[in-house]
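S.K.: this one's structure only:
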Ligand SMILES: N[C@@H](CCC(=O)N[C@@H](CS)C(=O)NCC(=O)O)C(=O)O
């Protein structure tokens, strides 16, 4: 039995955070692909609280929630480089702060802007842009949020680098404007070009089909 197993789906960006961390650090692992419409008894056993992917199984012990798993990887494989978190406690706190900010204040708004139409979509976009401005400022003078190499916060924002253009194509709107967010756009490119990132993304046409179907379903359910 492999020492490390990752329960994921083909498209979960939360699970991709863990794929990237394991890949950039060169930690060997097996992947177990879940079908979330028919969750395996193993997933339910290992993550009874949330019943979600990702779950990392290390020496038979399960860990869930992507931020928690990233920290576990960092603390367990201490000799594996690059470090995801900096040595300085304040900088570590900042990396965690930006990661949490992304999941609390950016991800839900970009999602809303993707699945809504008309006024609701416009409002979500305005709110998303207000928050993205903080990220734009944070990226001044930096290649990655983690400095010269991809770090904890970069991995948690990784979904932006690829999914934004998928969402833009499906919804037919510009989510991230090149003029307003030049540093963020450069970060997206740097992230995609970083070792192990591009090749681990699911195929674009498959993502387009998945998110097109999902958006159509969600819009059809909206009250008219
Ligand atoms: N906060 C969780 C979110 C994980 C999550 O939402 N996973 C989704 C797939 S992208 C899932 O497993 N959903 C199954 C469900 O909600 O039943 C994390 O960071 O790991």
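M.R.: Thanks, I have the structure now. Everything numeric here is computed off the predicted structure, so don't read it as measured data.
S.K.: what secondary structure does residue 154 sit in?
M.R.: Taken by DSSP: H, G, I helix; E, B strand; the rest coil, the conformation at residue 154 corresponds to helix.
S.K.: who's in contact with it?
M.R.: Contact analysis of residue 154 by CB atoms under 8 Å, 6 or more residues apart in numbering lists 144, 145, 146, 187, 191, 194. C-beta coordinates here come from the backbone N, C-alpha and C atoms, glycine included.
S.K.: So the nearest residue to the first one once chain neighbours are set aside versus the ligand, what's the distance?
M.R.: The reference is to residue 144. Leaving aside its chain neighbours, residue 144 sits nearest to residue 154 (4.8 Å; criterion: CB to CB, 6 or more residues apart in numbering). From residue 154 across to the ligand, the span is 15 Å (CB to the nearest ligand atom, to the nearest Å).
S.K.: How about residue 71?
M.R.: 12 Å.
S.K.: do residue 192 as well
M.R.: The spacing between residue 192 and the ligand, counted by CB to the nearest ligand atom, is 20 Å.
S.K.: tell me the contacts of that residue?
M.R.: With contacts defined as CB under 8 Å, 6+ apart, the neighbours of residue 192 are 161, 162, 198.
S.K.: That one belongs to a helix?
M.R.: Yes - according to three-state DSSP, residue 192 belongs to a helix.
S.K.: Now do it, the pLDDT please.
M.R.: Note on residue 192: pLDDT of 97.
S.K.: now swap in residue 224 and tell me
M.R.: Model confidence at residue 224 (pLDDT) stands at 71.
S.K.: Quick one: neighbours of it, just the number.
M.R.: By other CB atoms under 10 Å, the residues close to residue 224 number 3.
S.K.: In three-state terms, label the one residue sitting closest to the centre of the chain for me.
M.R.: Central residue of the chain (CA atoms, centre = their mean): residue 159, 3.8 Å from the mean position. Secondary structure assignment for residue 159 (three-state DSSP): helix.
S.K.: is it true that it touches residue 106?
M.R.: No - Residue 159 is not in contact with residue 106 according to CB atoms under 8 Å; the separation is 9.6 Å.
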